[in-house]
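[1] Need the 3D shape of this:
(one chain, ligands or ions: 1)
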Amino acid sequence: MNNVIRIGTRDSELALWQANHVKDLLEKNGFEAIIIPVKSDGDLILDKPLHELGITGVFTKTLDVAMLNGTVDIAVHSMKDVPTKLPQGIVKAAVLERANNRDLLLHKDTPKELDKNATIATGSLRRKAQWLNKYPKHNVVDLRGNVNTRLEKLKNNDWDGAVFAAAGLERINLKPKNHTVLDWMIPAPAQGAMLVVALEKDNFCREALKKLNHYETDICTTIEREFLSTLEGGCTAPIGAIAEIDIDYLTFTGGLFSLDGKQKVTIEKRILIEHCDDLGVICAKEILSKGGEEIMKKLKKELSL
Ligand SMILES: NCc1[nH]cc(CCC(=O)O)c1CC(=O)O
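    Model prediction:
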């Protein structure tokens, strides 16, 4: 049997960095691994329709298909991009230790007080809603693409700044000096964490990847993603969640926002880790009962889901 683990990844600079990081960790644990960049959505052919297999994520579906087709053994993802429900036959095999989980504002020029009608760029509903909640007079414009593309666009536009995840910039060494840490902004559930998935039936890879799992990050991201899945029911709503462990305690902060940022319901809890089972679900239900239900209803209409 050939035991070289084939790591599937998208081919952006960040995705390749993350895949190589997993390769290094596997090799440190005595396994052989190679990187297989999977380029496009070209080969999305399986014996069943994608939706029947539960394949939904825009960033993850190409790699899901490559795994199910046997082209790669495992796949590495930024965990926040992975739908909370994994496709049939694919399982969480390892959650790697979380890096910086914060959002940053990259300034066009040197950091300074923002104009009262500044223009800020982001493609994320979560960032836009929280930005407008804090700065209702600002103008938020759309910005999409991978990290490198977005940095390029910031250079070529006259926006005052753009919002990025710290982890993405730090990993590929592109975090500029002229940034501000947005410590008031609730990050995306699982931001800064990497998820490695494998086929459910692949005991060899699953055993190998167990050694890479970071217990605390696993606990925190599980709570964050349960909060997300309990609230959203399948739509990409402006939802933030962050759990952090401090010795015996876990602090959870979660928030749900309307698209225009005018409404928000947030929650914060600090409890003993041993009492954390179902914390994500409990916090989501509390948000729903404190006005979140109406926000979700309105969101589903606006996002036409
Ligand atoms: N949505 C894109 C994406 N997915 C993961 C990261 C960065 C790494 C991370 O947050 O884990 C980014 C870039 C960003 O949000 O600026």
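
[2] Need the phi and psi values for residue 11.
    phi -110, psi 20 (degrees, to the nearest 10).

[3] brain fart, residue 271
    According to degrees, to the nearest 10, residue 271 has phi -140, psi 160.

[4] What's the local residue count around the residue of the stretch 1-150 of the chain found nearest the ligand?
    Residue nearest to the ligand within the stretch 1-150 of the chain: residue 78 (3.3 Å; C-beta to the nearest ligand atom). Placement of C-beta: from N, CA and C, glycine included. Residue 78: 23 surrounding residues under other C-beta atoms under 10 Å.

[5] now it, which residues is it bridged with?
    residue 194 (DSSP bridges).

[6] same deal with residue 107?
    Under the criterion used (DSSP bridges), residue 107 bridges to residue 161.

[7] tell me the contacts of it?
    160-161, 178-180 (C-beta atoms under 8 Å, 6 or more residues apart in numbering).

[8] same thing with residue 91?
    197-200, 206.

[9] Assumed it was part of a strand.
    Yes. Assessed by DSSP: H, G, I helix; E, B strand; the rest coil, residue 91 belongs to a strand.

[10] re earlier: which ones among the contacts of residue 91 lie within helices?
    Under the assignment DSSP state H, the contacts of residue 91 contribute residue 206 to helices.

[11] Just the buried ones from the contacts of residue 91?
    Neighbour-count burial within the contacts of residue 91 applies to 197-199, 206; the criterion is 16 or more other C-beta atoms under 10 Å.

[12] okay, stretch 71-87 in CSV with CA atoms only?
    Extracted in CSV, the C-alpha atoms of stretch 71-87 (Å, rounded to 0.1, in the frame of the first residue of the first chain):
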residue,chain,number,x,y,z
THR,A,71,-7.8,12.4,-6.5
VAL,A,72,-6.7,13.6,-3.1
ASP,A,73,-6.8,12.0,0.4
ILE,A,74,-7.3,15.0,2.6
ALA,A,75,-8.1,18.7,2.2
VAL,A,76,-7.0,21.8,4.1
HIS,A,77,-9.3,24.7,4.6
SER,A,78,-9.6,28.0,6.4
MET,A,79,-12.2,26.7,8.8
LYS,A,80,-14.4,29.8,8.6
ASP,A,81,-15.0,29.1,4.9
VAL,A,82,-16.3,25.6,5.5
PRO,A,83,-20.0,25.1,5.8
THR,A,84,-21.1,23.9,9.2
LYS,A,85,-22.5,20.7,7.8
LEU,A,86,-19.9,18.6,6.0
PRO,A,87,-20.8,16.5,2.9
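
[13] For it, the averaged confidence score.
    Averaged across stretch 71-87, the pLDDT comes to 95.

[14] what comes up buried for it?
    Buried, per 16+ other C-beta under 10 Å, within stretch 71-87: 72-84, 86-87.

[15] bridging residues for residue 8?
    residue 36, residue 75.

[16] how about the helices in the stretch 1-150 of the chain?
    13-28, 61-68, 125-134, 147-156 (DSSP state H, counting those that start in this stretch).

[17] how much space between the residue of the stretch 1-150 of the chain closest to the ligand and residue 122?
    16 Å (C-beta to C-beta, to the nearest Å).

[18] mind checking pLDDT for residue 48?
    68.

[19] now swap in the one 5 residues further on and tell me
    According to the predicted model, the pLDDT of residue 53 comes to 67.

[20] Ok, the one 5 residues further on next?
    At residue 58, the pLDDT value in this model is 76.

[21] How many residues are close by it?
    The burial count for residue 58: 10, using other C-beta under 10 Å.

[22] can you give me phi and psi for it?
    Here residue 58 shows phi and psi, under degrees, to the nearest 10, equal to phi -70, psi -40.

[23] does residue 302 really touch residue 260, like I thought?
    No. Residue 302 is not in contact with residue 260 according to C-beta atoms under 8 Å; the separation is 9.4 Å.

[24] Need the residues touching each of those two.
    Joint contacts of residue 302 and residue 260 (C-beta under 8 Å, 6+ apart) do not exist.

[25] and the stretch of helix or strand residue 219 belongs to with the ligand, contact?
    Using DSSP states H and E, residue 219 sits in helix 215-232. No. Shown here: helix 215-232 not in contact with the ligand (C-beta under 6 Å from any ligand atom), separated by at least 10.3 Å.
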